[in-house]
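Novice: Just the structure for this:
(2 chains)
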Amino acid sequence: MKYILLMSGTRAGVEGYRSRPEQNIEAHMAVLHRINQDLTESGEFVATQGLAGPREAKIVRGEKNGAPVTDGIFPESKEFLLGYWIVDVPNAERAYAIAGRISAASSDMPIEVRQFATYETKSR
Amino acid sequence: MKYILMMNTMRAGHGVPEWPQKDLRAHIAFMMGLNKELRESGELVSAEGLAFPEQAKLVRAGKNGAPITDGVFPESKEFLAGYWIVDVDSPERAYAIAAKASAAPGPGGAPLNMPIEVRPIMSGPPPEML
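Specialist: Model prediction:
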C-alpha cells in the first residue's frame, strides 16, 4: 500500500528554521538522510522531494480558451507544502511509524499521512 | 526543471463521488488522456490521486518516538486531491499544463477551472548539508 507523508509549514515557521544555527540544520538534515537510507534498505522507499519556497509558487487556472491565468499571490498565512515522502508499506501503522520518526526529527511537526487512491493504481 | 502541480480542494463541495456516472467517466477519461499526452512528450514524472481525507491521519511523534495519530482532519481545511510532477523546459510550460488540468470537465461536462498550485521542486538539499 502506497502512502504519501506530507510535511507542511507556514512562512514564519520556515524563517524560524532558517535562522537556527547552521549546526542545528545540519543535524536535522543528517537525521532525514538517515531515515531515507533506512527506508531504501527496507525496500519501502518510493520517492522524496523538497519543494522550493512559496515565493516561487503560482496558482494557475485555465481560461475559457485554455490559456493559463497565473496568480502570483500566495497568502502570507497559508500553510504550504515543504516536502513529502512516498512509501510502500504493508499497513497504515507502518506509515504512521515512519511519519512519527520524521516528526520526532523535525521539532514534532505534524505529518499528514494519506493513502493513494485505488482507482488510479488500478488504471496502470 | 521539475515542477509539482497540486490540485487542492475543500471537503465541502468536492462531491466528486456524487457526480452522475457519465460526468465522472468523462472527467477520468480527460485525466487519463492528459497523463498519456505528458507521458508521450516525456514530461511526466509521476501522477497520483489521493484517497479522501476520511482515511487521512495527522501524525506526531510522542516522547518515546511512538506515533500519535490524530484522525481529526478539520472540515474546512483544503486538502490535496492529487498531483502531477512534470519535467519541463520552462515555468510557462508548467503553467500551460496546469491550465489544461484546471479545465478538466466537471458535472454536465463544463470545465471545472479549479485552481492548480504550481511549485518548483528543489533539485536536492545543498551538498554541504549531506
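Novice: B:L58: which element?
Specialist: Assigned by DSSP states H and E, B:L58 belongs to strand B:57-61.
Novice: Tell me which residues are up against that strand.
Specialist: The contact list for strand B:57-61 (Cβ atoms under 8 Å, 6 or more residues apart in numbering or on different chains) reads A:5, A:92, A:96, A:99-101, A:103-104, A:108-113, B:67-73. For every residue, glycine as well, the C-beta is placed using N, CA and C.
Novice: which strands and helices sit next to the following helix or strand past that strand?
Specialist: Sequence order places strand B:67-70 as the next helix or strand after strand B:57-61, per DSSP H and E. The helices and strands touching strand B:67-70, judged by 3 or more Cβ pairs under 8 Å, 6 or more residues apart in numbering or on different chains; DSSP states H and E, are helix A:92-105, strand B:57-61.
Novice: Out of the ones you listed, which is closest to B:A47?
Specialist: Closest to B:A47 of the helices and strands packed on strand B:67-70 is helix A:92-105 (Cβ to Cβ; 20.5 Å).
Novice: What angle do strand B:57-61 and that closest one make with each other?
Specialist: 50 degrees (axes from the mean of the first three to the mean of the last three Cα atoms, to 10 degrees).
Novice: continuing past helix A:92-105, what's the next helix or strand?
Specialist: Defined by DSSP H and E, the subsequent element after helix A:92-105 is strand A:111-115.
Novice: The residue in chain A sticking out farthest from the centre in helix, strand or coil?
Specialist: The C-alpha centroid of chain A is most remote from A:N65, which lies 33.4 Å away (Cα atoms, centre = their mean). Assigned by DSSP: H, G, I helix; E, B strand; the rest coil, the conformation of A:N65 is coil.
Novice: Now name the helix or strand holding B:A26.
Specialist: helix B:21-40.
Novice: Could I get the helices and strands packed on strand B:67-70 in CSV, plus columns for mean pLDDT?
Specialist: Formatted as CSV, these follow (pLDDT from 0 to 100):
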stretch, mean pLDDT
helix A:92-105, 93
strand B:57-61, 87
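Novice: Which one of those lies nearest to B:S102?
Specialist: Closest among those, using Cβ to Cβ: strand B:57-61, at 28.2 Å.
Novice: quick one on the thing from earlier: so for A:E26, which of the helices and strands packed on strand B:67-70 sits nearest?
Specialist: Closest among the helices and strands packed on strand B:67-70, using Cβ to Cβ: helix A:92-105, at 12.8 Å.
Novice: Restricting to C-alpha, output that closest one in PDB.
Specialist: These are the backbone C-alpha positions of helix A:92-105, laid out as PDB (Å, rounded to 0.1, in the frame of the first residue of the first chain):
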ATOM      1  CA  ALA A  92      -1.200   2.000   7.800                       C
ATOM      2  CA  GLU A  93       0.600   1.500  11.200                       C
ATOM      3  CA  ARG A  94       3.900   1.300   9.500                       C
ATOM      4  CA  ALA A  95       3.200   4.500   7.600                       C
ATOM      5  CA  TYR A  96       2.400   6.200  10.900                       C
ATOM      6  CA  ALA A  97       5.600   4.900  12.500                       C
ATOM      7  CA  ILE A  98       7.700   6.400   9.700                       C
ATOM      8  CA  ALA A  99       5.800   9.700   9.900                       C
ATOM      9  CA  GLY A 100       6.400   9.600  13.700                       C
ATOM     10  CA  ARG A 101      10.100   9.200  13.200                       C
ATOM     11  CA  ILE A 102      10.100  12.200  10.700                       C
ATOM     12  CA  SER A 103       8.100  14.300  13.100                       C
ATOM     13  CA  ALA A 104      10.400  13.500  16.000                       C
ATOM     14  CA  ALA A 105      13.400  14.500  13.900                       C
END
